[in-house]
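Peer 1: Structure, please.
(2 chains)
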Amino acid sequence: MTFEAPHIDYAGISPVIALTAGLVVVLVGGLLASGRAQRIVVSILGLGTLAAAAGLCIWQWGESKDLVAGALRLDDLALAVTLIAIAAAAFCIPLSWREESVERPLGPTGHGEFQALLICSVLGMTLIAQAQNLIAFFVALELLSIPLYVLCGSALRREESLESGLKYLIIGSIGSATLLYGLAFIYGASGSTDFGAIRTAVGGSVLDDPLLLIGIALSAAGLAFKLSIAPFHQWTPDVYEGAPTPVTAFMAVATKAAVFCVLVRFFEVALGPAIDDWQPALAALAAVSIVVGNAGALGQDSLKRLLGYSGVAQAGYMLVAVVAASEAGISALVFYLAGYALMNLPAFAVITIRERETPFGDNIRAVEGLGRERPALATALTVSMLALAGLPGTVGFIGKLFLIEPAVDADYTWLAVLIAIGSAISLAYYLRVAAAIWMRPGRERAAPAPAIAGASQEADAAADGTRCRVIIGLTLLAAAATVFFGVIPSPLVDWAANAGEAIGSLL
Amino acid sequence: MLNVILWAPLAAGVLLLIAPRPAARWIGVAGALVTLGFAVALVLDFDSAAPGLQHVVDESWIPDLGVRYALGVDGISVFLVLLTAVLWTAGTLFSALRSYPEDGRTRFYYFLLALGETAALGAFCAQDLLLFVLFFDLMLVPFFFLIGAFGSGERIAATTKMIVYTLVGSLLMLVGAIATAILVAQDTGELSFSIADLRANLLSAGSQEWIFCFFAAAFLVKMPAFPIHGWMPDAYRAAPLPVVLLLSGVLSKVGAYGFLRVVLPVYPEATVTFQEVVMVIAVASILYGSVMAFTQTNVRLVAGYSSVAQLGFITLGVFSLRDDGADGAVLQMVNHGLVVAAIFVVIGILYARTRTEDLTEMGGQAMRAPVLAALFLVVTLATLAMPGSANFIGEFYILNGAFQSKIALAFVAAIGIALAAFYALRLYQRTMHNRLPDGVESREISLRDSVVLAPLVACIVALALWPGVILDRGEASVDQNVGAVTALATDCSAYSSATVEPANTAVHCE
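Peer 2: The predicted model follows:
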């Protein structure tokens, strides 16, 4: 008997290899005892890993091939989503530098663990973005979720953080279980785990096959849990609020991108022929999400809860692009996901900075008077809020434009109208933040917290300055990009169009 | 040239952000003046015989969506561009001379003013539907901050209310615009937002109707028209004075202009269907605005409600769907802009002396200030459309158009002219005549105030003498924009009354 070794496309899986190797190295770097040295070494290793992975993704750009015996598919859609996830992770590493969850006042410094978990989650996202097999899909989903459960609870001394981690774990597990159950039904109905084979098996009329219908319903619900689409969103505000802010930022941006990518592949490719069955269901989910998210965000005083609910609404907008089920819809989705990262990250960065500077935590009071105190930060947060609201001159406006167009084209004009109404409602809370920044006087603040024992106060202050400067620089960069792509969208549009084309031929 | 006009204010705005603080306001003024200079040159260079667009700029912007960066002016927009430049110069200069804002955030304030000017000019110049919507929405951003950060009283609530009100309309308008282009593209196979393309390929009557409603909502809120003017009293009360001047003088016109530029040519059948509805709204605005204007005691609200009434006249003119009415509407837009701006400047001057904006606590200012009183009198007479003023000619044309199409509504609207005399004269008497309140001096207008007020009054007088300047240039373009709808409207009425066989049976009548 001759045994033929399977062909392995090392170039195709090179981003995965880079992330896996980097993850191990970063974890080893975390063994350094000194806090300061650990931060520098681990961050260099972590950012280096992400940079290498990003470089390999760019190198593979334009490729379109099956990997690992057809379990994964490398195309521009997967690479685009991977790049978004990597960018979000790279943004969050500097944000974590002074977090109490990482640099614990008592106990060991945890940069190694934090960044290893972060990279592990990115690895899961890279895989899920490429998954075209039920098993790979589920394994990758768990690979991206489990590190996030841990990260959410990583501020061990804060009750809210532990609560957040536990809540996310339990609800996330229920979501995963529901999804797994649904996937099993689909396997039962189609007799295959491969997306292509499922597509062939599904063929046409699904209404006759209750097995497949139940499978679609359960897996849609499971994915909706992960995407925090209403009515499966209840965990979102609590988890967002309790988790350390850098983790929230990463979760909000990267998880959405990765799971939306697999949602597109799962529904539009694998279940493409059954479009009449899932399209109205997803449209209803999108509508509910837009309404519930926007209504929930009104009157929130915690900025992270506000962004959590706003994320629910934004997920609803993006789901509209999936409902449209066209190449233009996928391009719109990728464009919006990239824009969403650019719009959200500055907001979370400013919240992180203010959490450290004021005693108000993430309450909206923390940004009152920011316009006078820190005009640069204030501008960044304002741009981010205006962009999320979809005002012109920002990437948010162009993004909405792109979402509405395929929706109208697919005869879902009522969803487009709902996007417009939702955006109008959303102004009430986004502009409330803008009003707090520019229109209210700053609050008297209590004396700064006493310096951490053991460190030289002066050196610490100087170092804090640099760390904040890196964050502020990145924040301003993202805010500037938000405006830039709002005025000259063509580069980002072309990039997103590539991703749309990659899968458009399969529809 | 349009590119320069459009971006000069914003360039000045960005420049003043990095300039030293004391220079900031003068850079803002300089930006507005440069824009004004180019706008005057634009008008002088305008060929009044040509009905089409002039100074066209047409560049690709977002090719995937068929959105183009297309600018151009015709006889309708050219004077609105000039009006915008004039009023923004007045507003900026008034702010600079009176050292607005008082709290030292000078750069932010003048940057916002400059951004607002670019957005307003963009809305008047855009020839791509999506670009128009973009600039239309963009106008709100600076005004949100101008009112919320520099206003007084309940400023944050007022500005949020204004934004939510106006954006509900304009976001629906965005959907409407996209739907129009896509529905047209499903027939022609090419996605384009160019207004000219959309005019050439009209939608079916059914689609036109719901899209018309979206656009009408956006424009009527912006004006504002009764009964969706709820944001206006709060915003006018809270905003800094130069900002109210611009809100009332320029921003309200964008709505009326939008009807002429977009709605009539692109959705003609729906326009005919909804003609009476909009005309009734217009007449209601005239009556409600007038009555409110002579019952309010806050001077800003008197001027604000009078704007509601005047915008009602303008809408009436546009929706008479006759050349006369639309000609009058174009003239009246410019007239009203100048007049209301002058009123707000006077209010600003009076406030500085009396420290109140309540009519019952004012009075007697004419005693030692004949020049101020004379200037204000000219403004007042223009407001009440005294024969001899350009406002008279404007309203005459508008009513002439309305009489041709809907005679009953025109009669009711004519009452509005009488009511205008009430509120305008009441405003003048209560501020200028009567007894001086205790502790308030009557002074002659100072040089720095007359620098702003006198040119505005001069413009009003000049227009009164030569209204043809606008009417001549406007006519050809108005013909082009309104002509098709007029034909449709008259054919339909002929068809329904069955007295005359419709000449063109292809025209769709309901």
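Peer 1: OK, contacts around residue B:424?
Peer 2: By C-beta atoms under 8 Å, 6 or more residues apart in numbering or on different chains, the contact list for residue B:424 reads B:306, B:380-381, B:383-384. Bear in mind the C-beta positions are built from the backbone N, C-alpha and C, glycine included.
Peer 1: pLDDT wise, what is it at?
Peer 2: Looking at residue B:424, its pLDDT stands at 88.
Peer 1: and it, how far is that from chain A?
Peer 2: 35 Å (C-beta to the nearest C-beta, to the nearest Å).
Peer 1: Find the nearest non-adjacent residue to residue A:504, please.
Peer 2: residue A:327 (3.2 Å; C-beta to C-beta, 6 or more residues apart in numbering or on different chains).
Peer 1: quick one on the thing from earlier: need the max-distance pair from the contacts of residue B:424.
Peer 2: Greatest spacing in these, by C-beta to C-beta: B:306 and B:381 (13.8 Å).
Peer 1: now the strands: where do they sit in chain B?
Peer 2: B:54-62, B:67-73 (DSSP state E).
Peer 1: what's next to the first one, contact-wise?
Peer 2: Strand B:54-62 has contacts (C-beta under 8 Å, 6+ apart) with A:398, A:489-490, A:493, B:1-3, B:42, B:45-47, B:67-74, B:78, B:127-128, B:131.
Peer 1: picking up where we left off before, out of the strands of chain B, which is the most enclosed?
Peer 2: The highest mean neighbour count among these, using mean count of other C-beta atoms under 10 Å in any protein chain shown, belongs to strand B:67-73: a mean of 22.
Peer 1: contacts for that strand?
Peer 2: Strand B:67-73 is contacted by residues A:401, B:2-3, B:6, B:42, B:46, B:53-61, B:81, B:124-128, B:130-131, B:192-194 when judged by C-beta under 8 Å, 6+ apart.
Peer 1: circling back: which of the strands of chain B sits closest to residue A:126?
Peer 2: Closest of the strands of chain B to residue A:126 is strand B:54-62, at 30.0 Å (criterion: C-beta to C-beta).
Peer 1: in which helix or strand would I find residue A:484?
Peer 2: Under the criterion of DSSP states H and E, residue A:484 resides in helix A:457-487.
Peer 1: So what's the residue count around residue 80?
Peer 2: By default, I'm working from chain A. By other C-beta atoms under 10 Å in any protein chain shown, the residues close to residue A:80 number 27.
Peer 1: my bad, the chain I had in mind was chain B
Peer 2: 26.
Peer 1: With residue B:45 instead?
Peer 2: 11.
Peer 1: and it, what is it in contact with?
Peer 2: Residue B:45 touches B:1, B:55, counting by C-beta under 8 Å, 6+ apart.
Peer 1: got the phi/psi numbers for it?
Peer 2: Note on residue B:45: its backbone torsions stand at phi -80, psi 0 [degrees, to the nearest 10].
Peer 1: Number of residues surrounding residue B:386?
Peer 2: The burial count for residue B:386: 16, using other C-beta under 10 Å.
Peer 1: Touching, it and residue B:396? I think so.
Peer 2: No - between residue B:386 and residue B:396 there is no contact under C-beta atoms under 8 Å: 11.9 Å.
Peer 1: show me where the stretch 151-300 of chain A has helices.
Peer 2: With DSSP state H, counting those that start in this stretch as the criterion, the stretch 151-300 of chain A has helices at A:159-190, A:195-202, A:210-227, A:235-242, A:245-250, A:256-263, A:275-297.
Peer 1: Reformat these as a markdown table; add distance to chain B and mean pLDDT.
Peer 2: Listed next are these as a markdown table, based on distance: least, C-beta to the nearest C-beta, whole Å; pLDDT from 0 to 100:
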| stretch | distance to chain B | mean pLDDT |
| --- | --- | --- |
| helix A:159-190 | 30 | 91 |
| helix A:195-202 | 27 | 86 |
| helix A:210-227 | 24 | 90 |
| helix A:235-242 | 22 | 90 |
| helix A:245-250 | 25 | 92 |
| helix A:256-263 | 20 | 93 |
| helix A:275-297 | 12 | 91 |
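Peer 1: Point out the most buried one among the ones you listed.
Peer 2: helix A:245-250 (a mean of 29).
Peer 1: what about stretch B:285-295, distance to the chain center?
Peer 2: 18 Å (C-alpha atoms, centre = their mean, to the nearest Å).
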